[in-house]
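S.K.: coords below, sequence missing:
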């Protein structure tokens with residue numbers, strides 16, 4: 001068999017791994033957000049619980065991807081890029097994908113249970129909401145955006161829940177509306193790129209560019225305001241307002257990400273992050289400032 005034949009007909013195992021979308025596991029690094037904000041991410045007990053939460057969400061998110069792609073197989077075949085996904089391309093059967101989805105979901109819950117009931121309930125909530133989305137609610141305007149955003153929010157609070165850390169109201173607002181900013185931006189890009197009648201997503205018919213820009217703008221404003229209020233409330237370290245200084249790269253990062261949204265290029269957020277070197281640099285500067293402020297406080 002030639003290399004070309006192997007690429008044209010990948011094995012079931014390779015197709016299953018690709019359908020699990022390991023590249024998108026980068027989203028699960030959001031689990032580190034609460035422990036980092038609390039300045040406890042390096043504590044042994046917190047680090048172990050957070051690691052369990054990250055792996056649990058990797059398994060759970062892959063279970064959701066497999067379910068979603070199995071349900072959406074016909075619509076994905078009409079999409080310019082999703083048609084190359086293993087199930088839509090015919091390299092992986094929906095039956096095998098659904099079986100693997102059930103196994104991954106069970107494994108994610110079993111792993112979460114090792115930290116206690118709170119994380120187990122959180123992961124179960126994530127799985128339940130995303131299953132409802134895949135099976136029905138993705139076709140309901142506004143609810144589809146809210147449920148996808150909830151997936152980001154649940155990730156953001158998972159580290160704190162797993163390690164039994166307090167989570168501030170400002171953190172919840174930043175995580176919640178920041179998630180809405182990302183998801184609404186993705187819908188806006190889909191509408192601009194594909195049009196409302198593409199048949200790839202039913203709710204696009206219900207949305208207009210002006211409506212999505214309004215939600216996107218509201219989410220942006222509340223996210224920046226909430227982050228700034230959190231940053232200004234944090235104490236200075238050696239007369240240096242590290243948290244307040246982090247507002248600049250945070251806002252610039254949102255502005256940079258918005259360039260891709262406005263141009264209709266904001267697909268999966270991890271794709272933008274991996275390919276935008278300026279955004280990566282802003283992220284490193286922001287993380288450095290926050291880390292110095294938290295660890296020195």
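M.R.: In hand now; what should we look at? It should be emphasised that the depicted structure is a prediction, and the values quoted were computed from it without experimental measurement. Numbers count the residues shown, from 1 in each chain.
S.K.: secondary structure class for the closest residue to residue 242 other than its chain neighbours?
M.R.: Nearest residue to residue 242, sequence neighbours excluded (Cβ to Cβ, 6 or more residues apart in numbering): residue 293, at 3.2 Å. Every C-beta, even on glycine, is put in place using the N, C-alpha and C of the backbone. When classified by DSSP: H, G, I helix; E, B strand; the rest coil, residue 293 comes out as helix.
S.K.: Residue 293: neighbour count?
M.R.: Residues near residue 293, counting by other Cβ atoms under 10 Å, number 22.
S.K.: what do you get for residue 221?
M.R.: Residue 221 has 12 nearby residues by other Cβ under 10 Å.
S.K.: sec struct for it, please.
M.R.: helix.
S.K.: Do you know the pLDDT at residue 290?
M.R.: Residue 290 carries a pLDDT value of 88.
S.K.: And the helices in the stretch 51-200 of the chain?
M.R.: In the stretch 51-200 of the chain, the helices defined using DSSP state H, counting those that start in this stretch lie at 73-76, 94-113, 117-135, 143-162, 169-194.
S.K.: Nearest to residue 45, out of those?
M.R.: Nearest to residue 45, of all the helices of the stretch 51-200 of the chain, is helix 143-162, at 10.3 Å by Cβ to Cβ.
S.K.: Buried residues of that closest one, list them for me.
M.R.: Counting neighbours by 16 or more other Cβ atoms under 10 Å, one finds that the buried residues in helix 143-162 are 144-162.
S.K.: Adding distance to residue 215 and mean pLDDT, write the helices of the stretch 51-200 of the chain out as a markdown table.
M.R.: Below are these laid out as a markdown table (distance: least, Cβ to Cβ, whole Å; pLDDT from 0 to 100):
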| stretch | distance to residue 215 | mean pLDDT |
| --- | --- | --- |
| helix 73-76 | 23 | 81 |
| helix 94-113 | 30 | 96 |
| helix 117-135 | 18 | 95 |
| helix 143-162 | 7 | 92 |
| helix 169-194 | 5 | 88 |
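S.K.: Nearest to residue 229, out of those helices?
M.R.: helix 169-194 (5.9 Å).
S.K.: Now do that closest one against helix 143-162, angle only.
M.R.: Relative orientation of helix 169-194 versus helix 143-162 (axes from the mean of the first three to the mean of the last three Cα atoms, to 10 degrees): 140 degrees.
S.K.: May I see the buried residues of helix 169-194?
M.R.: Buried-residue list, helix 169-194, by 16+ other Cβ under 10 Å: 170-194.
S.K.: Next: stretch 288-297.
M.R.: Applying 16+ other Cβ under 10 Å to stretch 288-297 flags 289-294 as buried.
S.K.: got it, and stretch 19-34?
M.R.: 19-21, 24-25, 27-28, 30-34.
S.K.: quick one: contacts for the nearest residue to residue 252 once chain neighbours are set aside?
M.R.: Among residues not flanking residue 252 along the chain, residue 282 sits closest, at 5.4 Å (Cβ to Cβ, 6+ apart). Residue 282 is in contact with 249, 252-253, 256, counting by Cβ atoms under 8 Å, 6 or more residues apart in numbering.
S.K.: ditto for residue 145
M.R.: Taking Cβ under 8 Å, 6+ apart, one finds 180, 183-184, 187, 215 in contact with residue 145.
S.K.: Kindly report the same for residue 30.
M.R.: Contacts of residue 30 were listed using Cβ under 8 Å, 6+ apart, and they are 152, 155-156, 158, 175.
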